[in-house]
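# Here is my input, please return the structure:
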Amino acid sequence: MNSNSASTPLSVVVTGGGGGIGLATVQLILERGGSVVIVDLDATRADELARQYPRRLQRFAGSVTDEARLLEIRELASRAAEVPLNGLVNCAGIAPIPTPIEDYPVEQWSRVLESHLTGTYIACKVFGAAFAQSGAPGSIVNLASVLAHRPGPVLAYGAAKSGVVSLTEALAAHWASRRVRVNAVAPGWTDTPFVRRKGRTDKDFRSIVDATPQGRLLDPAEIAEVILFLLSPAASAVTGSTINCDGGYVAGSGWAPYGSFPRAPSDAPDRYATTHPPRETP
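Okay, here's the model as predicted:
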């Protein structure tokens with residue numbers, strides 16, 4: 001989008017919009033007056049929002065790896081939308097499990113790549129191509145990860161997210177002349193069901209908190225704010241970029257050999273008392 005489209009409300013498809021960062025993004029778009037189409041394997045997870053915004057929220061069950069289903073959803077959603085679709089946020093993906101390569105089945109590797117990378121590619125192909133063909137401004141935001149920059153033991157996940165960054169840059173150049181911007185957001189460790197799986201508690205995240213200069217997990221709403229910025233006319237000159245939203249995780253990764261980054265004073269509140277304290281307000 002650009003400054004000439006400031007009066008056009010957002011009309012955004014959010015894959016994986018039923019939970020976590022996807023759901024936080026859906027909620028923020030709706031609160032700011034936009035409309036949303038959720039594509040999720042379980043489209044019922046946003047029931048509460050559907051009751052609050054019955055005219056501006058559409059929900060469809062479907063997999064991002066099913067191109068035929070996404071084409072069908074695009075047609076159905078476009079017919080019902082009050083404003084033509086002009087945005088796409090790719091949040092869908094399965095949770096990775098840290099596993100040594102010696103014990104990692106090829107089938108699981110393929111599933112993770114298909115979910116995160118191929119699914120993002122197919123959604124971009126289906127919806128982004130329609131934006132480009134329309135001639136109207138459009139914006140795509142893909143969900144990458146800090147593990148695209150600092151790989152860990154979730155091998156397929158890191159590889160997939162690295163691929164998302166590369167795909168984002170390629171599509172940004174491909175569609176720039178067609179008024180479609182393509183960017184990515186790389187979240188750090190964020191307090192979502194994706195991360196909270198298997199009953200993890202705050203104490204289980206001490207190593208993550210210690211590796212993050214801000215000393216906390218992130219709130220999904222914080223990631224959603226950056227996504228909304230990239231969707232908006234305020235980011236009209238931003239395309240092909242990946243923005244780290246990680247509490248300093250990537251920036252702080254080189255401090256370990258020097259004794260880690262500076263800590264808060266000893267009389268400061270317990271850094272483990274809450275994983276994501278309230279965000280600062282002006």
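# per-residue confidence averaged over the helix or strand containing residue 183?
Residue 183 is located in strand 180-187, with elements delineated by DSSP states H and E. In this model, strand 180-187 carries a mean pLDDT of 98.
# Ok, stretch 144-156 next?
On average, stretch 144-156 scores 92.
# And stretch 60-67, by the same measure?
Mean predicted confidence for stretch 60-67 is 97.
# so how far is that stretch from its chain's centroid?
17 Å (CA atoms, centre = their mean, to the nearest Å).
# Quickly note the distance from residue 217 to residue 68.
38 Å (CB to CB, to the nearest Å). Quick note: C-beta positions are derived from backbone N, CA and C, even for glycine.
# brain fart, residue 105
Going from residue 105 to residue 68 by CB to CB gives 27 Å.
# Could you do residue 131 as well?
20 Å.
# For those two, indicate the residue with more neighbours.
residue 131 (25 against 9; other CB atoms under 10 Å).
# Is the more buried one located within a helix, as I assumed?
Yes. Residue 131: assigned to a helix according to DSSP: H, G, I helix; E, B strand; the rest coil.
# so it makes contact with residue 78?
No. Applying CB atoms under 8 Å as the test, residue 131 and residue 78 come out as separate, 11.4 Å apart.
# Leaving out the residues flanking it, which one is nearest to the most centrally placed residue in the chain?
Compute the mean C-alpha point of the chain, and by CA atoms, centre = their mean the closest residue is residue 143, 3.4 Å away. Distance criterion CB to CB, 6 or more residues apart in numbering; nearest residue to residue 143, sequence neighbours excluded, is residue 91 at 4.9 Å.
# Over to residue 32?
Excluding its sequence neighbours, the residue lying closest to residue 32 (CB to CB, 6+ apart) is residue 228, at 6.9 Å.
# Pull the residues that contact the helix or strand the one you found falls within.
In the assignment (DSSP H and E), residue 228 maps to helix 220-231. Contact with helix 220-231 is made by 1, 10, 12, 20-21, 23-25, 27-29, 32, 87, 89, 139, 141, 181, 183, 185, 187, 190-192, 235, 238, 243, 245, 276, 279, as judged by CB atoms under 8 Å, 6 or more residues apart in numbering.
# Now intersect those residues with the helices, please.
20, 21, 23, 24, 25, 27, 28, 29 (DSSP state H).
# And the closest residue to the fourth one other than its chain neighbours, how far from residue 245?
Same thing as residue 24. Spatially, and ignoring its direct neighbours in sequence, residue 24 is nearest to residue 220 (3.7 Å; CB to CB, 6+ apart). Between residue 220 and residue 245 the computed distance is 10 Å (CB to CB).
# Please identify the buried residues of the helix or strand where residue 75 lies?
Per DSSP H and E, residue 75 falls inside helix 67-80. Going by neighbour count (16 or more other CB atoms under 10 Å), the buried part of helix 67-80 is 67, 69, 70, 73, 74, 77.
# pLDDT wise, what is the fourth one at?
If you check residue 73, the pLDDT there is 98.
# Does it touch residue 43 like I think?
No. Contact between residue 73 and residue 43 fails when scored by CB under 8 Å: they sit 10.3 Å apart.
# Now the common contact residues for the two.
Shared contacts of residue 73 and residue 43, defined by CB under 8 Å, 6+ apart, are found at residue 60.
# follow-up on the earlier one: next, count neighbours for the residue nearest to residue 143.
For residue 91, the neighbour count with other CB under 10 Å is 33.
# residue contacts, it?
With CB under 8 Å, 6+ apart, residue 91 has these contacts: 14, 15, 16, 17, 20, 21, 22, 25, 143.
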